[in-house]
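J.: dropping a prediction and its sequence here:
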Amino acid sequence: MPAVVLVHGLYHRPGHFAAVADLLRTGGTEVVVPPLHRGSLAADTAAVQATVDALPEPPLLLGHSYGGSVITGVHGAGHLVYLAAFVPDTGESAAALGGTSARLRQAIRPDADGSTRLDPALAAAVLYDDCPEPLAARAVALLCAQAPGCGRGVPSHHNWKHVPSTYVVCTEDRAIDPDLQRRLSARCTHVREWRTGHSPFVGRPDLVAGLVRELLAGRPAPSSGTSAR
């Protein structure tokens, strides 16, 4: 069975995917969650590329939010999953695509070194609003500072043009506009819609793990209009 590589978004850490990783590993799937925050999209992409190159066969790559820009530029994937994620085309960056909500922008705080972080008092309501409070609190505690410029990075190539892909639109997302997600999903092979917020890997890890298992088993993802609670 191919391995699964889970790629987190800005301000997040591998620990945010812990519940999904545990569910998949319990079923015998190899899971790798490489840390990002290396200062640029190019550096983050290189880190994930090294992870993919070390695996014996093409893995399933799942990218969340900014992680979609990362997996877009990685060679050697067997399937791409974009979870409320950016799917940039030639010359596009996540920042240029827009869609970041006013609530998310209000939660961003600058640091003296030029990096930014999310205000803990505001982050939960934007990223984890549909998650049980203990899970949301843990997720907020895991958030970290983000170096400037990553969101402005442009992928050097665009894997979704050559590799089967599945887009998950999170219809209750308060961080990335669901309408933008739907437009980006048109670039992918299959589309799902989930009635969740921005971070189902925190509140509904069973949904994320279930989709990954289906794709690994070779069952095609339903087309647009399929929903889950």
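T.: Yep, that arrived.

J.: what are the ranges of the helices in the chain?
T.: Here the chain has its helices, by DSSP state H, at 18-26, 41-53, 67-72, 94-97, 102-107, 120-127, 133-142, 178-185, 200-203, 205-216.

J.: return the most buried member of those helices.
T.: Of all the helices of the chain, helix 67-72 carries the top mean neighbour count, a mean of 30, counting by mean count of other CB atoms under 10 Å. Where you see a C-beta, it was placed from the backbone N, CA and C, and this is true even at glycine.

J.: please list the outside residues in contact with that one.
T.: Here helix 67-72 makes contact (CB atoms under 8 Å, 6 or more residues apart in numbering) with 7-9, 36, 41, 44-45, 48, 61-63, 77, 80, 82-83, 85-88, 93-94, 151, 153, 155, 157-160.

J.: got TSV for the helices of the chain, with distance to Val169 and mean pLDDT too?
T.: Listed next are these as TSV, based on distance: least, CB to CB, whole Å; pLDDT from 0 to 100:
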stretch	distance to Val169	mean pLDDT
helix 18-26	18	98
helix 41-53	23	96
helix 67-72	12	97
helix 94-97	15	92
helix 102-107	17	94
helix 120-127	16	97
helix 133-142	21	98
helix 178-185	4	98
helix 200-203	11	98
helix 205-216	13	97
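
J.: for Pro120, which non-adjacent residue is spatially closest?
T.: Val140 (5.2 Å; CB to CB, 6 or more residues apart in numbering).

J.: nearest residue to the middle of this protein?
T.: Nearest to the mean C-alpha position of the chain, counting by CA atoms, centre = their mean, stands His64 at 0.5 Å.

J.: so what sits opposite it in the bridge?
T.: Counting by DSSP bridges, His64 forms beta bridges with Leu83.

J.: returning to what we had before: buried subset of the contacts of helix 67-72 as a PyMOL selection?
T.: A single PyMOL command selects the buried members of these (16 or more other CB atoms under 10 Å):
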select buried, resi 7+8+9+36+41+44+45+48+61+62+63+77+80+82+83+85+86+87+88+93+94+151+153+155+158+159+160
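
J.: now do the contacts for the residue nearest to Pro120.
T.: Val140 is in contact with Pro120, Ala123, Ala124, Leu127, Tyr128, counting by CB under 8 Å, 6+ apart.

J.: neighbours of the closest residue to Arg25 other than its chain neighbours, how many?
T.: Spatial nearest neighbour of Arg25, excluding adjacent residues (CB to CB, 6+ apart): Val31 at 5.6 Å. By other CB atoms under 10 Å, 20 other residues sit near Val31.

J.: what's the spacing between Val31 and Ala124?
T.: 26 Å (CB to CB, to the nearest Å).

J.: re the thing from before, identify the bridge partners of the residue nearest to Arg25.
T.: With DSSP bridges applied, Val31 shows beta-bridge pairing to Val4.

J.: which residues does it contact?
T.: By CB under 8 Å, 6+ apart, the contact list for Val31 reads Ala3, Val4, Val5, Leu6, Val20, Ala21, Leu24, Arg25.

J.: can you check Leu36 too?
T.: Neighbouring residues of Leu36 by CB under 8 Å, 6+ apart: Val7, His8, Asp44, Ala47, Val48, Gly67, Val70.
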